[in-house]
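Q: Here is the input, now give the coordinates:
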Amino acid sequence: MFVPGTPISEAAWNTALQDSGLRIEDGRLEGTTLPAAPEAMFVPQDGEFAKAFSFGTVSADVLAELEAAPGALVILWPIDLDQGRSHLVTAVECLRDAGAIAVRLEQSKLGWDVHRWIELFASDDPSQWHRGAVAFLGGKGTVQSCGMHLFSRPDVQIEAGEQAFAQILNIYQLAEDPVLRSGHTFAPDAETPRRVMERWPDVGYPADHPCHNPYGVWRLGAAGGTARSVGKLEPVFMPTLHALLAAAEEKAARPLTERDVLALRDAGTCITMEPRDAQTLERTRGYADLNPELIWEQWQLVR
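A: Numbers count the residues shown, from 1 in each chain. Have a look, this model is predicted:
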């Protein structure tokens, strides 16, 4: 999180926070109710603060405040926005009272003035969380959401002009936390033609970029698609196919061939799990594995 404010230094932030129970100490924000204290550091104004929020989500008056802000806090929260939302809202309320002007989530680059940010995430309505955290980006004939990894969920990619459909699927993921699998279909209502879902790695950003979604992207097919039959259990590779192929390619010191990749998949250790258990394991691990049925095509994307 990027939090510009009126305090002129880390010491000034601590003075302003002294009645809140929060304090920046040894590079961490101490005193929160989070499982672990988040990393926090003060950065001085670099002339780009207003530009970082200049996407129509804050007013001209707030942009002027950001232009004049002496610095900001950069905070790395060790928890996802779904599980830790109430803790984050409480902490941001303290930061607001200490002089915070606005908050930007670096995983989607979406920022709001601090009052609006609190309003969005203090709500019990998942559509408000989605509004606050998830942006949509256009590509070559497609549109893709960006920011669902803040909630440990995949983003959605769909043909241009169908953003509303993708938005509904995202909010459904937040509200119901369903177990979705490649081959399933989705539609927002009975009258809308269903679309087949296939999960692919996110290649919109490099793997080390904040906007990269390690849980992948649901690619939605054309309207009217038919669901594929999927087994009752989910195959789970241990180690993951991603880790297995990466280690094999490093050892070989050359790109793996398709024959290499298929052979490693076929020799890999795999167990079957209930889909909900597999989903929980994936979130604990922090990333989605490659689809064994599309292993060659997906490996070409991630390598």
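
Q: List the residues that contact residue 225.
A: 185, 193, 194, 195, 196 (Cβ atoms under 8 Å, 6 or more residues apart in numbering). Backbone N, C-alpha and C define where each C-beta goes, glycine included.

Q: Go through those residues and name the one nearest residue 44.
A: Closest approach to residue 44 among those (Cβ to Cβ): residue 195, at 47.7 Å.

Q: Tell me what that closest one is bridged to.
A: Following DSSP bridges, residue 195 is listed with bridge partners residue 186.

Q: With residue 231 as the reference, measure out to it.
A: In this view, residue 195 and residue 231 are 21 Å apart by Cβ to Cβ, to the nearest Å.

Q: more crowded one of the two?
A: residue 195 (23 against 10; other Cβ atoms under 10 Å).

Q: What residues does the more buried one make contact with?
A: So residue 195 contacts 158, 165, 185, 186, 187, 220, 221, 222, 223, 224, 225 (Cβ under 8 Å, 6+ apart).

Q: Tell me how far residue 246 lies from residue 267.
A: 16 Å.

Q: quick one: low-confidence parts of this protein?
A: By pLDDT under 70, the chain contains no weakly predicted segment.

Q: at 90 what do you get?
A: Within the chain, the stretches with pLDDT under 90 are 21, 31-37, 77-80, 82-83, 138-140, 229-231, 303.

Q: distance of the residue of it most remote from its centre from residue 266?
A: Centroid-distance maximum for the chain: residue 259 at 33.6 Å, with Cα atoms, centre = their mean. From residue 259 across to residue 266, the span is 11 Å (Cβ to Cβ).

Q: How about residue 85?
A: To residue 266, residue 85 is 42 Å away according to Cβ to Cβ.

Q: which of those two has more neighbours?
A: Here residue 85 and residue 266 are compared on neighbour count by other Cβ under 10 Å; more neighbours surround residue 85, at 19 against 10.

Q: so which strand or helix has the nearest residue to that one once chain neighbours are set aside?
A: The spatial neighbour of residue 85 that comes closest, neighbours along the chain excluded (Cβ to Cβ, 6 or more residues apart in numbering), is residue 121 at 5.8 Å. Here residue 121, judged by DSSP states H and E, is contained in helix 114-122.

Q: Same check on residue 277?
A: helix 275-285.

Q: residues making contact with that helix?
A: With Cβ under 8 Å, 6+ apart as the criterion, helix 275-285 contacts 80, 152, 179, 181, 215, 233, 234, 236, 240, 273, 288, 289.

Q: which two of the residues you listed lie the greatest distance from each other?
A: Based on Cβ to Cβ, the longest span within those runs between 80 and 233 and measures 26.0 Å.

Q: follow-up on the earlier one: contacting residues for the residue nearest to residue 85?
A: So residue 121 contacts 81, 85, 88, 89, 92, 128, 129, 132 (Cβ under 8 Å, 6+ apart).

Q: Roughly how far does the spatially most central residue of the chain sit from residue 250?
A: Of all residues in the chain, the one closest to the mean position by Cα atoms, centre = their mean is residue 149, 1.9 Å from it. If you measure residue 149 against residue 250 using Cβ to Cβ, the figure is 25 Å.

Q: Residue 153: how many residues sit nearby?
A: Neighbours of residue 153 under the rule other Cβ under 10 Å: 22.

Q: Chain neighbours aside, what residue packs nearest to it?
A: residue 173 (4.9 Å).

Q: Check whether the one you found really touches residue 149, as I assumed.
A: No: taking Cβ atoms under 8 Å as the definition, residue 173 is not a contact partner of residue 149, at 11.6 Å.

Q: Quickly list what's touching both of these two.
A: Taking Cβ under 8 Å, 6+ apart as the contact criterion, residue 173 and residue 149 have no common neighbours.

Q: Now flag whichever of the contacts of residue 195 is closest to residue 254.
A: For the contacts of residue 195, the nearest to residue 254 is residue 221 (34.8 Å; Cβ to Cβ).

Q: and the closest one, what is it in contact with?
A: 195, 196, 197, 198.

Q: run the last query once more with 7 Å
A: Applying Cβ atoms under 7 Å, 6 or more residues apart in numbering to residue 221 gives the contacts 195, 196.

Q: let's number from 50 now, not from 1
A: Noted, 50 is the first residue going forward, which turns the last one into residue 270.

Q: thinking residue 112 is in contact with residue 101, fair?
A: No: taking contacts as Cβ atoms under 7 Å, residue 112 lies outside contact range of residue 101: 10.0 Å.
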